[in-house]
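Asker: task: produce atomic coordinates for the following.
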Amino acid sequence: MRRSMLILTPLLLAAGIASAADAPARKSGLWEITTNMSGPMPMAQTAQQCIDEKTDKLTEQGDMKEMEKHCSKNTVTRSGNKVISDSICKFDGTTATTHGEFTGDFGSNYRGDVKTTYNPPMHGMSGMQMSISAKWLGPCKPGMKPGDIIMQGMPGMPGGMKFNAADMQKQMMK
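Answerer: Numbers count the residues shown, from 1 in each chain. A predicted model of the protein is given here:
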């Protein structure tokens, strides 16, 4: 479960970054997001996310609300074709300092590198690095609604784990 949370947080961060800092909106439909995490717990993960403009904005609003609660710094800036994110957040008894750089057209693809350090170490980890790549695949699959995320290859979960990020955001905002 710890691995799931470590991978889920950057995935949601990447979705929020894609809609922040005047970046063009992601195209509605099915996105494939691949993450590769290095460090003491290396992991590769692919997820498919069904989005529309409303769910992307809801994710961004929810992320910003959580950031306001836990972060003393949260900046997102645009420099040319690059979106840069820096944050300092406290949770689980540690301070997480994160720097991310994202490039792409954000309408059909983007790529990012995220580096986080934890002080004191979180669950024995002093830091992690993650690369994220996202591409638009087309319309959402039958049976998927905007906000649905399917994470493939989760240990002990044949067929992956499915949840709705928009529903989770609505619950968190109450």
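Asker: helix/strand/coil for the residue lying farthest from the centre of the chain?
Answerer: Distance to the chain centre peaks in the chain at P142, reaching 23.5 Å (criterion: C-alpha atoms, centre = their mean). Judged by DSSP: H, G, I helix; E, B strand; the rest coil, the three-state class of P142 is coil.
Asker: hey, where'd the strands end up in the chain?
Answerer: Ranges of strands in the chain, per DSSP state E, are 29-38, 43-51, 71-79, 82-91, 94-104, 109-122, 125-138, 148-151, 161-164.
Asker: lowest average confidence, helix or strand, in the chain?
Answerer: helix 2-18 (a mean of 47; mean pLDDT, DSSP states H and E).
Asker: can I get the strands of the chain in CSV with mean neighbour count, distance to K57 and mean pLDDT?
Answerer: (Glycine included, C-beta is placed from N, CA and C.) What follows is these, written out as CSV (neighbours: other C-beta atoms under 10 Å; distance: least, C-beta to C-beta, whole Å; pLDDT from 0 to 100):
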stretch, mean neighbour count, distance to K57, mean pLDDT
strand 29-38, 19, 15, 91
strand 43-51, 21, 10, 89
strand 71-79, 13, 15, 83
strand 82-91, 16, 17, 86
strand 94-104, 18, 18, 89
strand 109-122, 17, 17, 91
strand 125-138, 17, 17, 92
strand 148-151, 21, 16, 88
strand 161-164, 14, 15, 81
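Asker: list the contacts for G107?
Answerer: G107 makes contacts with 24-27, 136, as judged by C-beta atoms under 8 Å, 6 or more residues apart in numbering.
Asker: C140 now?
Answerer: Contacts of C140 (C-beta under 8 Å, 6+ apart): 29-30, 50, 146, 148.
Asker: closest to P120 among these?
Answerer: Nearest to P120 among these, counting by C-beta to C-beta, is D148 at 36.1 Å.
Asker: starting from T116, give me the distance back to the residue lying closest to that closest one once chain neighbours are set aside.
Answerer: Once flanking residues are discounted, D148 sits nearest to C50: 4.6 Å by C-beta to C-beta, 6 or more residues apart in numbering. C50 is 27 Å from T116, where distance means C-beta to C-beta, to the nearest Å.
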